[in-house]
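> Predicted structure and sequence below. I'll ask about it afterward.
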Amino acid sequence: MNSKFIDEDAPFGHDHGPMLTGPFAPIAEEQVLENLPVEGEIPKDLNGIYLRNGPNQQFEPKGSHHYFDGEGMLHTGLFRDGKFTYRNKWVRTDGWKKNDDAGEELYWGVMNSLKGSEDKPMNDAANTDVIGHGGKAVVSWYLAGVPYILDPLTLETIKAAPEYVSGPGKGMSAHFKVDEHTGDMLYFDYFTEKPHMSYGVVSADGKLTHHVPIELPGDRLMHDMGVTENYSILHDVPVYHDEEALKADRHKIRFDSSLPMRFGVIPRFGASDSIRWFDFSPCFIYHVVNCWEEGDEIVMVACRYMPAKKADGSIDEERTAKMIGSLQMDARLWSYRMNLKTGETQEKCLNADHNVEFPTYNSLDTGRYTQWAYLVDHDPKMLRWTGIRKMNTDTGESVGEWTDGHDDCWYSEPWFAPADNPQSEDHGYVVSFCWNAKSKVQELQVFDALDINKGPVARIKMPGRIPPGFHACWMKPEQIDSWAA
Ligand SMILES: [Fe+2]
């Protein structure tokens, strides 16, 4: 390792924007830690691994830095027979290896070159998402790059998987889904050229079994998708690159309130022309909770990004676009229904009181009805998650919440971890990292999912800060090839 950060709070100084300083500052060390102090008790029926991806810049960036630029680093918490092991490691992408060999940053970020060019190459940072698939962990980047496959326990990067993707974009976005009932991985790709989107299915044994182009009216910046037992739900959002900025290779996004939010429902192995589009009120959606089928209806529960409003009540397009671009979130739990027989639609705010995002659920039932969602309370001013919350996806009721301090805490995306021999959908635990910027204490917290309100049942104490990051997942022993080795 040839990068050593001298100033822990600002390893590259203060000239590259706010996302490399303070709690966001990357860390330099890759570590394996065992026998850490625990307040409370690690549950004996909690076995498996929590994996969390996030940007962790290795070297001083070239020019302006966007949070999506940092090289992907995984932080994991392994629970095995009441014992705990923490491990962190950068994803060994091709770009990471080249940077590491050179001892400097060789790539330009999205603020400097939108798509990368010969003189300003861009790094596929693999920093956004992580999900278990086919016994391994798969990571991907929000701008849709080549997925990387890792051993979830050792975090060794096994390989890049270009065989998972196809033209014309040849990428896989963050927020691919894995159907645990069949082993299929469903994903989308998006790109500025026509037809602007594609959709693919990778089997449990790593074969691209389906891939079709999806024609959109123009360049779009969707972020997530949904799946049910038989369908996938693709997003056509009223958010796109500013045309002039795009021509000049600059990063600027537009929100167009004259366009609807559209969801395209396509059979899992459907042809391009089998997609059916349903229109809803204009908004943006970063993250879907889960989707399922109810008779003729497709149900999608998501965190709807609330467009900013002007004094007269109309949508403030410019401010909304700026907020989306800077990950300044104002979102509410929302349900969408699409009737495949009648074409009717319905959308409903499930809970107006809580600005919640980064939703998770019992992912053993991706694409099937799940009653419970686990989310973070979002600081409306910045990308900071102040606490965790459990909500009912039918009624929107908030049934559990916890924070060690709304003003001080930085939670990571919580994930539901089923107990051994679960008796109900929510019989298990919720796991999240928590950095307390006031007390300077870093913990991994374990909650009883049946009773979040009582606070963590175990607080595993870490020796140093873990940057907040993006997405996480939980893998059970049965989902991990190397568990028994
Ligand atoms: Fe995301």
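Structure received. Numbering: from 1, shown residues only.
> Quick check: which element contains residue 399?
With elements taken from DSSP states H and E, the one containing residue 399 is strand 398-402.
> any idea how far the helix or strand harbouring residue 332 is from the chain center?
With the criterion set as DSSP H and E, the secondary-structure element containing residue 332 is strand 331-339. A distance of 19 Å separates the centroid of the chain from that of strand 331-339, by CA atoms, centre = their mean, to the nearest Å.
> Show me which residues of that strand are buried.
Neighbour-count burial for strand 331-339 flags 331, 332, 333, 334, 335, 336, 338 (criterion: 16 or more other CB atoms under 10 Å). Every residue, glycine included, has its C-beta placed from N, CA and C.
> which residues are in contact with it?
263, 265, 278, 280, 286, 289, 294, 296-306, 344-352, 354-357, 359, 373, 375, 378, 391, 393, 396 (CB atoms under 8 Å, 6 or more residues apart in numbering).
> Strands - which of those residues land there?
When DSSP state E is applied, the contacts of strand 331-339 are split such that 263, 265, 278, 280, 286, 289, 294, 297-305, 345-351, 356-357, 359, 373, 375, 378, 391 fall in strands.
> Give the PyMOL command for selecting the buried subset of those.
A single PyMOL command selects the buried members of the ones in strands among the contacts of strand 331-339 (16+ other CB under 10 Å):
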select buried, resi 263+265+278+280+286+289+297+298+299+300+301+302+303+304+305+347+350+351+356+357+359+373+375+378+391
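> check contacts around the nearest residue to residue 224 once chain neighbours are set aside.
In space, and not counting its chain neighbours, residue 224 is closest to residue 175: 4.2 Å by CB to CB, 6 or more residues apart in numbering. Shown here is residue 175, whose contacts under the criterion CB under 8 Å, 6+ apart are 129, 188, 223, 224, 225, 287, 288, 471.
> Residue 175 should be in a strand, yeah?
No: secondary structure assignment (DSSP: H, G, I helix; E, B strand; the rest coil) places residue 175 in coil, not in a strand.
> And the pLDDT for it?
We have a pLDDT of 97 for residue 175.
> State the distance from it to residue 136.
Counting by CB to CB, to the nearest Å, the separation of residue 175 from residue 136 is 18 Å.
> can you pull the pLDDT of the residue nearest to the spatial centre of the chain?
A centroid search over the chain (CA atoms, centre = their mean) returns residue 471, at 3.6 Å, as the residue closest to the centre. Looking at residue 471, its pLDDT reads 97.
> Surely it and residue 55 touch.
No: between residue 471 and residue 55 no contact is recorded; they are 11.4 Å apart, counting by CB atoms under 8 Å.
> didn't residue 286 look like it was pressed against residue 221?
No: between residue 286 and residue 221 there is no contact under CB under 8 Å: 10.6 Å.
> So what's the residue count around residue 256?
Here the count is done by other CB atoms under 10 Å, and residue 256 has 15 residues near it.
> same question, residue 421
As a burial measure, residue 421 scores 7 neighbours (other CB under 10 Å).
> So that it lines up with my notes, have the first residue be 519 from now on.
Right, with 519 as the first residue, what we last looked at is residue 939.
> Contacts only, for it.
For residue 939, the contacting residues are residue 563, taking CB under 8 Å, 6+ apart as the criterion.
> Need the phi and psi values for residue 828.
When quoted as degrees, to the nearest 10, the phi and psi of residue 828 stand at phi -80, psi 170.
> who's in contact with it?
Going by CB under 8 Å, 6+ apart, residue 828 touches residue 834.
> for residue 1001, same thing?
By CB under 8 Å, 6+ apart, the residues touching residue 1001 are 671, 995.
> And residue 848, by the same measure?
Residue 848 makes contact with 823, 824, 826, 841, 873, 896, 898 under the criterion CB under 8 Å, 6+ apart.
> Now a ChimeraX select for only the buried ones of those.
For the buried members of the contacts of residue 848, the matching ChimeraX selection, counting by 16+ other CB under 10 Å, is:
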select :823,824,826,841,873,896
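> And the furthest pair within the contacts of residue 848?
826 and 896 (14.8 Å; CB to CB).
> From the centre of this structure, point out the most distant residue.
Of all residues in the chain, residue 830 sits farthest from the chain's C-alpha centroid, using CA atoms, centre = their mean; the distance is 34.3 Å.
> you'd agree that residue is in a strand?
No: Residue 830 sits outside any strand when classified using three-state DSSP, being coil.
> and residue 559, how far is that from residue 975?
Per CB to CB, residue 559 is found 7 Å from residue 975.
> Same drill for the two, tell me which one is more crowded.
residue 975 (17 against 10).
> for the more buried one, what are its contacts?
With contacts defined as CB under 8 Å, 6+ apart, residue 975 is in contact with 558, 559, 561, 947, 964, 965, 966.
> Which residue comes closest to the last one once chain neighbours are left out?
It stands for residue 966. Distances taken as CB to CB, 6+ apart place residue 975 nearest to residue 966, at 5.3 Å, with adjacent residues excluded.
> Tell me the pLDDT of that neighbour.
pLDDT for residue 975: 98.
> Phi and psi next, for it.
With angles defined as degrees, to the nearest 10, residue 975 shows backbone torsions of phi -80, psi -20.
> can you give me the helices for this protein?
Counting by DSSP state H, the chain has these helices, from start to end: 612-620, 761-765, 835-843.
> What residues sit buried inside stretch 941-949?
Along stretch 941-949, the positions that meet the burial threshold by neighbour count (16+ other CB under 10 Å) are 943, 944, 945, 946, 947, 948, 949.
> which residues does the fifth one contact?
Residues in contact with residue 947 (CB under 8 Å, 6+ apart) are 561, 564, 934, 935, 937, 964, 965, 966, 967, 975.
> Help me confirm that residue 726 comes into contact with residue 718.
Yes: shown here, residue 726 and residue 718 form a contact pair, counting by CB under 8 Å, at 6.1 Å.
> between these two, what contacts are shared?
With contacts defined as CB under 8 Å, 6+ apart, the residues shared by residue 726 and residue 718 are 682, 683, 684.
> how about residue 903, what does it touch?
Taking CB under 8 Å, 6+ apart as the contact definition, residue 903 lies against 875, 876, 894, 895, 896, 897, 927, 928, 929, 930, 931, 986.
> same thing with residue 660?
For residue 660, counting by CB under 8 Å, 6+ apart, the contacting residues are 586, 646, 647, 691, 692, 741, 988.
> Now the fourth one, what are its backbone angles?
So the one you mean is residue 691. Main-chain torsions, residue 691, degrees, to the nearest 10: phi -80, psi 170.
> Can you give me the distance of the closest residue to it other than its chain neighbours to residue 710?
The shortest distance from residue 691 to any non-neighbouring residue, by CB to CB, 6+ apart, is to residue 662 (4.2 Å). Shown here: residue 662 relative to residue 710, a distance of 11 Å by CB to CB.
> Can you list the buried residues in stretch 980-991?
Residues 980, 983, 984, 985, 986, 987, 988, 989, 990, 991 are the ones in stretch 980-991 that count as buried (16+ other CB under 10 Å).
> Now distance to residue 549 too, for the residues you listed, in TSV please.
What follows is the buried residues of stretch 980-991, written out as TSV (distance: CB to CB, whole Å):
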residue	distance to residue 549
980	10
983	12
984	10
985	14
986	18
987	16
988	20
989	21
990	18
991	21
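> Between all of these, which two are separated the most?
With CB to CB as the measure, no two of these lie farther apart than 983 and 991, at 21.9 Å.
> Mind checking which of the contacts of residue 660 are in strands?
Going by DSSP E, the strands hold residue 647 from the contacts of residue 660.
> Looking at the contacts of residue 660, spot the one nearest residue 551.
Proximity of those to residue 551, judged by CB to CB, is greatest for residue 988, which lies at 21.9 Å.
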